[in-house]
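# Structural data only, the sequence is not supplied:
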């Protein structure tokens, strides 16, 4: 299964403070909008999303169809194909992608410890 680019989406209390902290660790702003309280920061192939006031807990995020630079991949597993495979393995889905559609879609699962995993396809 090809899950695509990986990042962790962090629920932060103060995005400015978090931005300054991660910049000290060598991260630079890659995408996002500070005025809308979210930034994507990058250090080589490592991606961190900072989100203030958007969700309560941290989320592991995979983006099928993207590499670590958010560039489209030619060969990737569509989010709906990944979802079908997880269903075949009796993995409970917290939310589902509409399997009658194509293009951008997402779904969410929880691991055995309750950690949220978002499979979020943008292409």
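Perfect, I can see it now. Here the structure is a predicted model, which means the values were calculated and not measured.

# ok, residue 68 touching residue 5?
Yes - if you go by CB atoms under 8 Å, residue 68 and residue 5 touch, sitting 5.1 Å apart. For the C-beta atoms, the positions are set from N, CA and C on the backbone; glycine is no exception.

# Which neighbours do those two have in common?
Taking CB atoms under 8 Å, 6 or more residues apart in numbering as the contact rule, residue 68 and residue 5 both touch residue 47.

# if you count what's nearby, which of these two comes out ahead?
Neighbours per residue (other CB atoms under 10 Å) separate residue 68 from residue 5, with residue 5 holding more: 20 against 16.

# Just confirm the more buried one contacts residue 67, I think it does.
Yes - at 5.9 Å, residue 5 counts as touching residue 67 under the criterion of CB under 8 Å.

# residues of stretch 54-68 that come out buried?
By 16 or more other CB atoms under 10 Å, the buried positions in stretch 54-68 come out as 59, 61, 62, 63, 64, 65, 66, 68.
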